[in-house]
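*Asks:* quick one, what's the 3D model for this:
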Amino acid sequence: MPSFAPVAIGLIVAAAGAALLMRRARRAARHRPPSQAPSQADVEAALRRRMRALAAIGRCGDILARDLPEAQVLAEVCTVIVDEAGYRMAWVGYADDAPGKPVRPMAHSGFAAGYVEGLGLSWDDTERGHTPVGTAIRTGQPMVVRDIHADPAFGPWREEAAQRGFASCIALPLRLDDHVIGALGVYAAQPDAFDAEEVALLGELAAKLTLGIARDRERAGRLRVEAALRASEQRYRRLFTQCKAVELLIDPVDGAIVDANQAAADFYGWPVEALKARRISDINCLTPDQIAAEMARARAESRSHFLFRHRLAGGEVRDVEVHSGPIEVDDRTLLYSIVHDITDRRRAERELRTFSSAIAQSTAAVIIADADARIEYVNPAFERLSGHTLAEVKGRTPAAFRSPNVSRDTYQPHIAAVRRGEGWRGEMLQRTKHGFDVWVSVAVSPVRDADGAITHFVALEEDISRRKQTERDLAGMAAALERSNRELERLAMMDALTGIANRRHFFAMAEREVALARRHQRPLGVLMLDIDHFKEINDHHGHAAGDEVLKQVARVALSVLRATDHIGRIGGEEFAVLLPDSDMDGAVATAERLREAIEGAALSIGADVHCTVSVGVAEWAPRDASIEAALNRADAALYRAKREGRNRMRCEA
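*Replies:* Prediction:
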């Protein structure tokens, strides 16, 4: 192509853009009502818009006139279409012959961030290929969507387009050597923004852009030929400038930074040119003596790198690992340095050391096992607790330390829960290396990776043998205290000699029975018993014999009475009996059975003793304020029986 072709293309594009601008201005004037004559401000605004449009068209011409890479041409043209001509968005997509025939976005500008990349367009004859750009590529004809919100073919992308303010669009095929290589898409904020004449002008603009692409590809081919002659240098420059690692070229004589790549500029915070105006001593925070000491350490440790601290443009200091070596560049010997930021790594190493120290120095035993429960690590506390070293337990499972005094099935539900990832906390009896059983509290937790899969288990153990012994001691003490309390309670209610209710408990039971009899209008019989000639038994046979008589009389009485009856010792040889649901006749019958049973009993106290009782009978009456009134009447009847000769029963008067 002749050398004046780029300029000619630029002028043609500028002319086309100017014509397009004038056309849009005339159309706007035709649609303005007569009453809306333009004011001076409107005229000045229109003039500014024309100047802006002309500048945009001129810019497009400049872009096409310059020797720019194809991608840059596309990007800058899209930017000018949006920034200078006032469209909402512009982008260029190339047809790809890969399976599915995708449309590959090459450049975009305007409200396109995340939009173009997420379209997932195709130029195949499918739903995703029926977009304006896909149709323009497939048919080779301009494709206009006059109202995005109403066009049914735009359905899958309508909502996203509406959010970005797109109302209409046009796609113009880019044809190169009778072959459509892609399309230019232009989006407007107003519906029906593209009429037939505007489509024609934009089509001419697209054709000129295609000529620029062809010229750039021709130039690229020429550059490839030239690049073959400079392959070695360009490969170096490409590796140097595009490398993601921070790279510097340093003059070893004065420390001047001869060159730096973009990664270095990004890392240090200075542009490349600003870096090249500095010396390495401006960046390295170490003094010359410290640098010399570090280099000596590297030699002593056979390291091929140095550990320095570099200051960034913002003042932050980072730990770096520097690999340096000589390189020949233009007959000069320079130091080629690769710099790795190891600040985060060193921080992680410090945290790991802290974590490891915390585990190692923990008073709790720590066990780390893999997903199969095979032990990988135990801390010193575990070694002290179990007597086993790490070397002895590595590769074994914790089940190996279970005490043989515990069934294998005891912990199976807990093990299953842990393997399901639920974790477990409880107590276990373990056997130490020396054959002793120790109780330990255990907390087991699963460790998961980023995908949620269990990779390890961590168990924390603490010796609780002393606590368990204390618990057993306390449990024993509590049981003994409970027994003592029960015995005290029994003694508080029962007569210590005879085992029947004492006076206090008997009267408490009597009050309850009186309340029931009063509530349910039931009869309640009352008996008073007194052992005849009890003083003579004590005097002739001793108090031990008298005590035995009391116990045997109580035993005989219990054998005669019903389970619902109550008997209590309320005096020395005096007993009282409550007979629920017994009227006077029932009480008299029970009293006579008691008297006869005691009279007929053979009381063995070391010598045969004939024992009788006198019985007084009364019936509680609703008029009685308490049980004592009935007991007093029964007691009066008892003394009448005594006076009449003893060993007999008498009823209340």
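*Asks:* residue 426 - how many residues pack around it?
*Replies:* When neighbours are defined as other CB atoms under 10 Å, residue 426 has 11 of them. All C-beta spots, glycine's among them, are computed from the backbone N, C-alpha and C.
*Asks:* average model confidence for whichever strand or helix holds it?
*Replies:* Mapping residue 426 onto the secondary structure by DSSP states H and E places it in strand 424-431. The average pLDDT within strand 424-431 is 88.
*Asks:* for it, list every residue counted as buried.
*Replies:* The neighbour-count check on strand 424-431 (16 or more other CB atoms under 10 Å) flags 424, 428-431 as buried.
*Asks:* go on, stretch 308-325?
*Replies:* Buried residues in stretch 308-325, counting neighbours by 16+ other CB under 10 Å, are found at 308, 310, 318-322, 324.
*Asks:* tell me the two of the residues you listed that are most distant?
*Replies:* In those, the most distant members under the criterion CB to CB are 318 and 324, with 17.3 Å between them.
*Asks:* re earlier: so can I have TSV of the buried residues of strand 424-431 showing distance to residue 572?
*Replies:* TSV is the format used below for those (distance: CB to CB, whole Å):
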residue	distance to residue 572
424	66
428	62
429	59
430	64
431	65
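*Asks:* doesn't residue 422 lie inside a helix?
*Replies:* No - counting by DSSP: H, G, I helix; E, B strand; the rest coil, residue 422 is not found in a helix; it is coil.
*Asks:* now do it against residue 444, distance only.
*Replies:* Going from residue 422 to residue 444 by CB to CB, to the nearest Å gives 10 Å.
*Asks:* tell me which of the two has more neighbours.
*Replies:* Taking other CB under 10 Å, residue 422 and residue 444 do not tie; residue 444 has more neighbours (22 against 12).
*Asks:* that one: helix or strand, and which one exactly?
*Replies:* For residue 444, the host element (DSSP H and E) is strand 437-448.
*Asks:* which other helices and strands does that strand contact?
*Replies:* Strand 437-448 makes packing contacts with strand 424-431, strand 454-463, helix 465-493 when contacts are defined by 3 or more CB pairs under 8 Å, 6 or more residues apart in numbering; DSSP states H and E.
*Asks:* orientation of the first one relative to strand 437-448 in degrees?
*Replies:* Relative orientation of strand 424-431 and strand 437-448, computed by axes from the mean of the first three to the mean of the last three CA atoms, to 10 degrees: 140 degrees.
*Asks:* got the angle between strand 424-431 and strand 454-463?
*Replies:* Interaxial angle of strand 424-431 relative to strand 454-463 (the same axes, to 10 degrees): 60 degrees.
*Asks:* list the contacts of strand 424-431.
*Replies:* Residues outside strand 424-431 that contact it (CB atoms under 8 Å, 6 or more residues apart in numbering) are 386, 401-406, 411, 414, 417-418, 437-444, 464, 468.
*Asks:* for ChimeraX, what selects the buried ones among those residues?
*Replies:* To isolate the buried ones among these in ChimeraX, judged by 16+ other CB under 10 Å, type:
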select :386,401,402,411,414,418,438,439,440,441,442,444,464,468
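*Asks:* in stretch 70-77, what's buried?
*Replies:* Buried residues in stretch 70-77, defined by neighbour count with 16+ other CB under 10 Å: 70, 73-77.
*Asks:* tabulate those (JSON lines), appending distance to residue 84.
*Replies:* Converted to JSON lines, those look like this (distance: CB to CB, whole Å):
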{"residue": "70", "distance to residue 84": "21"}
{"residue": "73", "distance to residue 84": "15"}
{"residue": "74", "distance to residue 84": "16"}
{"residue": "75", "distance to residue 84": "14"}
{"residue": "76", "distance to residue 84": "11"}
{"residue": "77", "distance to residue 84": "10"}
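*Asks:* ok, the residues you listed vs residue 100, which is closest?
*Replies:* When the buried residues of stretch 70-77 are compared against residue 100 (criterion: CB to CB), the nearest one is residue 74, at 22.8 Å.
*Asks:* with adjacent residues omitted, what lies nearest to that closest one?
*Replies:* The spatially closest residue to residue 74, leaving aside those adjacent along the chain, is residue 107, at 3.7 Å (CB to CB, 6 or more residues apart in numbering).
*Asks:* what does the pLDDT read for that neighbour?
*Replies:* At residue 107, pLDDT is 91.
*Asks:* ok, and what's touching the helix or strand hosting it?
*Replies:* Using DSSP H and E, residue 107 falls within strand 103-110. Residues from elsewhere that reach strand 103-110, judged by CB under 8 Å, 6+ apart: 71, 74-75, 77-79, 81-83, 87-96, 115-117, 119, 121-123, 133-134, 137, 182-183, 187.
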